[in-house]
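Colleague: Take this sequence and fold it.
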Amino acid sequence: MAQDLGLRDNGGGRYCRKAFLYGIGLSLLFFVPFILFDKGYFLFYGDYNVQQVPFYQMCHDAVRSGNWGWSWSTDLGANFIGSYSFYLLGSPFFWLTIPFPSWMVPHLMGPLLILKFGCATLTSFIYLRRYVRHPDYAIVGALLYAFSGFSVYNIFFNHFHEAIVFFPLMLWAMDEYMYHRRRGVFALTVFLCCTINYYFFAGQVVFLILYWSVRMLSGSWSISVRDFLLLFCEAVIGVLCSCILLIPTVLAVIQNPRVNDPPNGWSALLYDYNQRYLHILECFFFPPDIPARPNFTPNSEAKWASLGAWFPLFSMSGVIAFLQSRKKHWLKTLLFVLFLMALVPILNAAFQAVQHGLLRALVLYADTDDGAGNCFGPPGAGCRLAQCHSLDPRHHACHRAAHRPYAENCRQQQREKHRIRAGRLSDALLGLCGHCAPQPCPSGHYLPVLPP
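Modeller: Got it, this is the predicted structure:
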C-alpha cells in the first residue's frame, strides 16, 4: 500500500540528499578512472564519439553566437531547433555548458553523465519513497533504476538519460494528484518532459495512460469526473507550455517520410527475426551486450536497439519474488501488460506513435535505428558532424594539419563532404536530363558516365 505521507515525513530531505550522493558516488567510481586514463576526456563508443560530443559542441557554439535559426553545419542545411530538440536543446544539462568556453565542452561530457546518474537516483527515489516501508529501501530501488541495463547500455546515446532522469517526476506528480489532489505539479512535470525530449514524451504518455488505467480498474485509485477533467487540463497546459520547442520540431518532423511507416500485415504481430524474442527474455536476466556485438543473439538484428531491462546485483530475483508473493496487485497486472506489449510489434510501436522500428527498450522507451548507428530522427538530426572516433586533438589529421579548435575543423570536414554530395547530386540530375547516364558504384553512390 502506498504511503500517503510521500516525502513529507521527517527526514525526507536528508534521504533525498543521501540518494543523490550515493548516485554521484557510484558514478564517480565508474567514470573517473576512464576520464583520468584518457587525460580529461570521457571516450566511449560509436555514436557517442562521432555524434553526441560534436553535436554538443556545435550547438554550444551556435547558442553562444546567437545562430539559432538555420544550421549550415547539419547536412546541407537544416532547421536548428527542429533538428536538435531531440538531442539536447531542451536538456538542462546541455545549458549548463553554455557559460564554459567551447574547448571545454568535450571535457564536460563525463561530469555531465555523472550528474545525470545522480539526478536519476534522486528522482526515482522521490517516486519510490511512497511505496516502501523505509526510505533506505527506496534508495536501493533508485540505484537499481539509475544503473539499470537500459541506462548503462545507452551511455553512447547520452541524450536518453534526460528522459530517464525526469520521467519518475511525472509519475510522482500523477501520484500526488491522485492521492492528495495536489494541483499544478503534474502540469509542470508534463511541461518538463515534453520540452526535454518530445520523442520520449510520446512513449511516456502511453505509459502514463496504461499506469492510470490499470490502477483505476484495479481499485487502487478513484476519481470524480471534475477531478479527472482538471487532471486532463493540467496535461494539456503542460504540453502547450512546451510549444516553444514543440512547434518547430513538429514542423520539421512531419516532413520526414519515415513518420508514416506503421507496422502492417504479419510484421505487426510477429517480429521478422525469431532470435529477437530470445533477446527480449535475455535482457531481463543478463547485463546488456556491447551495442554492435550481441553475444546471445547475433542474428536478432537488434544492434544499437537500446534493448535493456537488467537490474544490477538482483537481476530478476526481486521481480519474481514479488510476482509470487502477490496474487492480486495493480503492479503485477501492469507488468504482464507491458511484457505482452514488448512481444507484439504493433503494441510495442504504440510507444513511438505506432511507427515501425526496432525495439529500443522494454516497458517504456522506444526509438528506431538502422543498425549502423544512424538515428532515425528529424531531418538532419542523423548527420555525423565528425567522423573522428577520438576526442584527443592529437588523433585527428585535421588538427595535425592546422591548430584550430575541434569543432571548427570538424565543420570544415563536413562542408567538404557537402560540396562532394552537391556535385554528385548535380551529376545525377544531368544524367536524368540525358546528358549522362548515372551508374551505381559499389559504395552506393551514383557516378556519372559521360557519353562517347
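
Colleague: low-scoring pLDDT stretches of the protein, where are they?
Modeller: 1-11, 353-452 (pLDDT under 70).

Colleague: now the residue positioned nearest the centre of the chain, nearest residue through space, not along the chain?
Modeller: The centre of the chain sits closest to residue 160, judged by CA atoms, centre = their mean, with a distance of 2.4 Å. Excluding its sequence neighbours, the residue lying closest to residue 160 (CB to CB, 6 or more residues apart in numbering) is residue 154, at 4.2 Å. (Glycine included, C-beta is placed from N, CA and C.)

Colleague: how near is that neighbour to residue 332?
Modeller: Separation of residue 154 from residue 332 (CB to CB, to the nearest Å) stands at 27 Å.

Colleague: Compare the two and say which is more crowded by neighbours.
Modeller: Remark: of residue 154 and residue 332, residue 154 carries more neighbours, 24 against 18, as counted by other CB atoms under 10 Å.

Colleague: contacting residues for that one?
Modeller: Counting by CB atoms under 8 Å, 6 or more residues apart in numbering, residue 154 touches 160, 161, 306, 308.

Colleague: if we go to 7 Å?
Modeller: Neighbour list for residue 154: 160, 161, 306 [criterion: CB atoms under 7 Å, 6 or more residues apart in numbering].

Colleague: coming back round to it: quick one: the residue nearest to the centre of the chain from residue 228, how far?
Modeller: 32 Å.

Colleague: Likewise for residue 126?
Modeller: Taking CB to CB, one finds residue 126 at 24 Å from residue 228.

Colleague: cool, residue 235 as well?
Modeller: 11 Å.

Colleague: Of these two, which one has the most company?
Modeller: More crowded of residue 235 and residue 228, by other CB under 10 Å: residue 235, with 19 against 12.

Colleague: ends of stretch 77-95, how far apart?
Modeller: From the first residue to the last, stretch 77-95 extends over 23 Å; the measure is CA to CA, to the nearest Å.

Colleague: Could you list the buried residues of it?
Modeller: 78-91, 93-94 (16 or more other CB atoms under 10 Å).

Colleague: same check, this time on stretch 292-307
Modeller: 294, 297, 300, 301, 302, 303, 304, 305, 306, 307.

Colleague: which of those residues lies closest to residue 139?
Modeller: Nearest to residue 139 among those: residue 306, at 25.9 Å, using CB to CB.

Colleague: how about the closest one, secondary structure?
Modeller: Following DSSP: H, G, I helix; E, B strand; the rest coil, residue 306 is assigned to coil.

Colleague: Now do the helices in the stretch 201-350 of the chain.
Modeller: Along the stretch 201-350 of the chain, the segments classed as helices by DSSP state H, counting those that start in this stretch run 225-241, 243-253, 275-285, 317-325, 330-343, 345-348.

Colleague: of all those, which lies closest to residue 198?
Modeller: Of the helices of the stretch 201-350 of the chain, the one closest to residue 198 (CB to CB) turns out to be helix 243-253, at 5.5 Å.

Colleague: And the contacts of the closest one?
Modeller: Identification of contacts with helix 243-253 by CB under 7 Å, 6+ apart yields 79, 81-83, 85, 89-90, 194-195, 198, 259, 378-379.

Colleague: mind listing which of these are in helices?
Modeller: 81, 82, 83, 194, 195, 198 (DSSP state H).

Colleague: Excluding residues flanking it in the chain, which one is nearest the fourth one?
Modeller: Nearest in space to residue 194, with sequence neighbours left out and distances taken as CB to CB, 6+ apart, is residue 242 at 3.9 Å.

Colleague: Could you give the backbone dihedrals for that neighbour?
Modeller: Backbone torsions for residue 242, taken as degrees, to the nearest 10, come to phi -90, psi 0.
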